[in-house]
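> Here is the input, now give the coordinates:
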Amino acid sequence: MRAAFEPAWILRNAHIQSILAAMRPGVRWGNPACSARTAVLRDLDGVSLQVRINERPGAKGLAIFLPGWFDSSETDYMLSAARRFLQAGWDVIRLNPRDHGDTAHLNERMFHAARFEEIQKAVEQLCCNAFPQPVYLAGFSLGGNFALRLAVRRPPEQIPNLLGVAVISPVLDPRKVSAHLDAGPFWYRDYLMKKWKRSLCAKARAFAGRYNLAPLLRHTRIIPMTEALLPYYFDFRTEREYFDAFTLTRDSFASLAWPVTPLMAEDDPVVPIAEFHNLEGIPNLKTVFTKRGGHCGFFSNLRLDSWAESVSLETAERLLSQRQI
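Numbers count the residues shown, from 1 in each chain. Alright, predicted model coming up:
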């Protein structure tokens with residue numbers, strides 16, 4: 001469906017929307033999410049993942065947020081979404097995937113996006129710990145890909161208190177996204193490569209002598225860098241085989257049983273929009289398209305109110321109300 005979202009004229013540029021998502025002025029001022037406590041989930045088949053937790057007695061539900069590629073629980077859009085749900089009376093947990101944020105020391109083997117099972121186990125553990133409190137899951141960009149994979153692979157009876165899933169600017173075909181970024185404007189590619197290389201350097205420092213990553217840091221594009229890292233991933237012979245491991249097609253959604261709401265802007269400069277039109281007509285999947293919004297932006301006005309946060313919260317509240325009837 002197409003939504004009637006129209007930002008203020010000064011915010012109509014897709015690049016402005018996308019930049020503001022990651023660098024949002026004032027998001028930490030008076031934000032209760034900044035006082036979250038830190039915990040580590042360790043019962044994940046030998047993997048440890050960090051979470052940031054805000055909870056209070058009498059909360060109406062729990063919202064779990066997954067960040068984008070090498071963003072973290074402290075990225076501005078994560079803090080902003082957490083504040084919105086906290087103000088509406090929800091508990092919030094922000095999950096850091098392996099090597100995201102300051103977590104390189106927690107696991108010896110490095111992150112790659114095909115490592116889905118540990119995210120699945122973490123979300124299931126958090127839902128189990130919260131039971132019978134209802135839970136809503138939201139993911140941004142690559143975090144949206146993780147959230148979608150959970151939705152298409154887990155039946156409702158295995159996570160009975162999960163209400164549904166929202167994904168903002170999610171990645172469906174990571175190879176297409178990577179090729180698009182490699183061929184596109186340098187600033188998005190350079191920004192992502194800088195975050196990736198920072199994480200790799202942190203991993204090398206945390207496990208001195210385990211990784212010799214210096215020769216890899218000369219790469220300036222995503223697909224060649226991925227190819228160079230395959231020997232450290234162990235499980236894949238080619239970069240195409242690696243990307244295929246977390247690509248989502250129309251067939252991937254054949255058994256979808258959860259209510260899932262993707263929010264996608266047609267001017268997204270990072271994720272090509274065309275593949276989302278192939279998902280029309282899938283039961284339980286309600287993709288909301290907007291003409292503008294950039295990548296994880298969707299800012300309505302100069303106060304930087306987020307339309308995507310409003311839709312996600314309204315959807316969570318509606319599903320909660322339906323559960324209580």
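> check contacts around the residue most central in space within the chain.
The centroid of the chain falls nearest to Gly143 when counting by C-alpha atoms, centre = their mean (2.0 Å). Contacts for Gly143 were tallied using C-beta atoms under 8 Å, 6 or more residues apart in numbering; they are 65-68, 71, 97, 167. (Each C-beta comes from the backbone N, C-alpha and C, glycine too.)
> From Leu126, how far out is the nearest residue to Gln125 once chain neighbours are set aside?
Of all residues not flanking Gln125 in the chain, Leu41 sits nearest, at 6.0 Å (C-beta to C-beta, 6 or more residues apart in numbering). Note on Leu41: its distance to Leu126, by C-beta to C-beta, to the nearest Å, is 8 Å.
> where does Arg52 land in three-state SS?
At Arg52 the chain is in strand, as set by DSSP: H, G, I helix; E, B strand; the rest coil.
> so it makes contact with Cys34?
No - under the criterion of C-beta atoms under 8 Å, Arg52 is not in contact with Cys34, lying 9.5 Å apart.
> Among those two, which residue is more densely surrounded?
Ranked by neighbour count (other C-beta atoms under 10 Å), Arg52 and Cys34 place Arg52 first, with 24 against 15.
> quick revisit: show me whatever sits in contact with both of Leu41 and Leu126.
Residues touching both Leu41 and Leu126 by C-beta under 8 Å, 6+ apart: Val51.
> Angles on the backbone of Thr261, please.
Dihedral pair for Thr261: phi -120, psi 100, per degrees, to the nearest 10.
> Just the C-alpha atoms of stretch 3-12, please, in CSV.
Backbone C-alpha positions of stretch 3-12 (Å, rounded to 0.1, in the frame of the first residue of the first chain) are rendered in CSV as follows:
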residue,chain,number,x,y,z
ALA,A,3,1.1,5.9,2.5
ALA,A,4,0.4,9.6,2.4
PHE,A,5,3.7,10.6,3.9
GLU,A,6,5.0,14.0,2.8
PRO,A,7,8.0,15.6,4.7
ALA,A,8,8.6,19.3,5.0
TRP,A,9,10.1,20.7,1.8
ILE,A,10,13.5,21.1,3.3
LEU,A,11,13.6,17.4,4.2
ARG,A,12,12.5,16.0,0.8
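> Show the average pLDDT along it.
Averaged over stretch 3-12, pLDDT sits at 91.
> again, but for stretch 126-137
96.
> Figure out the length between the terminal residues of it.
11 Å (C-alpha to C-alpha, to the nearest Å).
> so how far is that stretch from its chain's centroid?
Relative to the chain's own centre, stretch 126-137 is displaced by 18 Å; criterion: C-alpha atoms, centre = their mean, to the nearest Å.
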